[in-house]
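Engineer: From the sequence below, what's the structure:
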Amino acid sequence: MFGGLFGKRTQTGGRGGALAGFEVPASAGVLSCRVLDPVHEPLRQAEVTLTDPAGRKVLGGETDPYGTLLATVPAGEYRIAVTSEGYTPHHGTAVVGQGTHADLGDVLLQVAPQPPLPEPGDWEIDPTHSQVGFTARHIGLARIHGRFNSFAGAIRIADRMEQSAMHVVIDAASIDTGVQMRDDHLRSGDFLDIGVHPTIEFFSERFTHRGGTRWNVTGALSLHGVSRTVTLDTQYLGLGSGLEGETRCACRATTELHREDFTLTWQTLLARGIAAVGSSISIDLDVQIVPKKTG
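Structural biologist: Coordinates of the predicted model:
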């Protein structure tokens, strides 16, 4: 079924072998595989996804510390995708019979080609193609989605990417959650206190390659008069060209902040049923940078 993608494929009936001790429903079977890197070392937390012929997701799971995935699934034919950060995805099909074990054997993932890094020099954030977003939670209620509409950033790309640096400045007053009364309150002394702390700033001189397209960008975040070390989990998306032919570079980044770390400890409930913002705030960045204009 998988051609040369998987090393072996066997099916064993009954409850022996890998099925021993499993409570397998009569309409189901067991599927297993082991995911390896190019030098045949196990890949932990590789993602294995099964979809049925209609494209519906039936299973999504990760391999264990030994690179193995073992799962009970309804009998049927499936498309399988095996992915891991920094490796080229592999795809195939498999048939799981009732009461049988479909052993897909070894899945060898090859290292994915790395996208070229931006040229050394001075770059800047393109605000029209970037977004600084966040998600918080009303205490006991639904999530709040928001963004900052005004920000700027400079990035100096070094000959070695790990020695690069960046400085981002956000206009705290530009916070936008789509509700005017809530935004006014977030700008007040109870939260951001923009009269005293008009900007939010992030400065980093620590770029760490985690493998594949993943980087950690670690630096100091200054918010509400407090500075804390923050690490951005960053996915580098590569280089491209804009409508006018200019070179641009894109990435996505996430991190999680806790209000109490920045002395944002207001806890009471607002009138009119608007609840306080929860403690954890997820930050989501979509950023494009372009070479800094000279002259």
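Engineer: quick one: low-confidence ranges for this protein?
Structural biologist: Filtered on pLDDT under 70, the chain yields the residue ranges 1-22, 137-142, 259-279, 295.
Engineer: Mind doing that once more with 80?
Structural biologist: 1-23, 137-143, 190, 211-212, 242-245, 259-280, 294-295 (pLDDT under 80).
Engineer: what about the helices in the stretch 51-200 of the chain?
Structural biologist: In the stretch 51-200 of the chain, the helices defined using DSSP state H, counting those that start in this stretch lie at 180-187.
Engineer: Report how many residues lie close to His40.
Structural biologist: Using other CB atoms under 10 Å, His40 is surrounded by 10 other residues. Quick note: C-beta positions are derived from backbone N, CA and C, even for glycine.
Engineer: what's the distance between it and Val107?
Structural biologist: Using CB to CB, to the nearest Å, one gets 11 Å for the distance from His40 to Val107.
Engineer: and what of Gly212?
Structural biologist: Taking CB to CB, one finds Gly212 at 17 Å from Val107.
Engineer: who has more neighbours, those two?
Structural biologist: Neighbour count, other CB under 10 Å: between Gly212 and Val107, Val107 has more, with 24 against 16.
Engineer: Each with direction, which strands does the lengthiest strand in the chain pair with?
Structural biologist: Longest strand of the chain, by residue count under DSSP state E: strand 226-241. In the sheet, strand 226-241 lines up against strand 214-223 (antiparallel), strand 247-258 (antiparallel) (DSSP bridges).
Engineer: Go through that strand and flag the buried ones.
Structural biologist: Val230, Thr231, Leu232, Thr234, Tyr236 (16 or more other CB atoms under 10 Å).
Engineer: Name all residues that make contact with the third one.
Structural biologist: With contact taken as CB atoms under 8 Å, 6 or more residues apart in numbering, Leu232 is in contact with Ser204, Asn216, Val217, Thr218, Ala253, Thr254, Thr255, Leu285.
Engineer: And for the second one?
Structural biologist: For Thr231, the contacting residues are Asn216, Val217, Thr218, Thr255, by CB under 8 Å, 6+ apart.
Engineer: Beta-bridge partners for it, please?
Structural biologist: With DSSP bridges as the rule, Thr231 is bridged to Thr218.
Engineer: Please report how far it lies from Phe151.
Structural biologist: From Thr231 to Phe151 the distance is 19 Å (CB to CB).
Engineer: and if you look at the third one?
Structural biologist: Taken as CB to CB, the spacing of Leu232 relative to Phe151 amounts to 14 Å.
Engineer: cool, Met166 as well?
Structural biologist: Counting by CB to CB - Met166 and Phe151 are separated by 12 Å.
Engineer: Could you do Phe203 as well?
Structural biologist: 14 Å.
Engineer: Neighbour count: these two, which is higher?
Structural biologist: Comparing Phe203 with Phe151 by other CB under 10 Å, the one with more neighbours is Phe151, at 21 against 14.
Engineer: okay, the contacts of Leu232 in JSON lines with distance to Pro53 next?
Structural biologist: Below are the contacts of Leu232 laid out as JSON lines (distance: CB to CB, whole Å):
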{"residue": "Ser204", "distance to Pro53": "47"}
{"residue": "Asn216", "distance to Pro53": "40"}
{"residue": "Val217", "distance to Pro53": "42"}
{"residue": "Thr218", "distance to Pro53": "45"}
{"residue": "Ala253", "distance to Pro53": "37"}
{"residue": "Thr254", "distance to Pro53": "34"}
{"residue": "Thr255", "distance to Pro53": "40"}
{"residue": "Leu285", "distance to Pro53": "38"}
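Engineer: these two touch, right, Pro65 and Pro42?
Structural biologist: Yes - the pair Pro65 and Pro42 passes the contact test of CB atoms under 8 Å, sitting 7.3 Å apart.
Engineer: Derive a PyMOL selection command for the buried subset of the contacts of Leu232.
Structural biologist: A single PyMOL command selects the buried members of the contacts of Leu232 (16+ other CB under 10 Å):
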select buried, resi 204+216+217+253+255+285
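Engineer: Of the contacts of Leu232, which is the nearest to Val73?
Structural biologist: Checking the contacts of Leu232 against Val73 by CB to CB gives Thr254 as the nearest, at 31.1 Å.
Engineer: OK, contacts around that closest one?
Structural biologist: Here Thr254 is in contact with Leu232, Asp233, Ser282, Ile283, Asp284, Leu285 (CB under 8 Å, 6+ apart).
Engineer: Let's see that with 10 Å instead.
Structural biologist: Gly133, Leu232, Asp233, Thr234, Gln235, Ser282, Ile283, Asp284, Leu285 (CB atoms under 10 Å, 6 or more residues apart in numbering).
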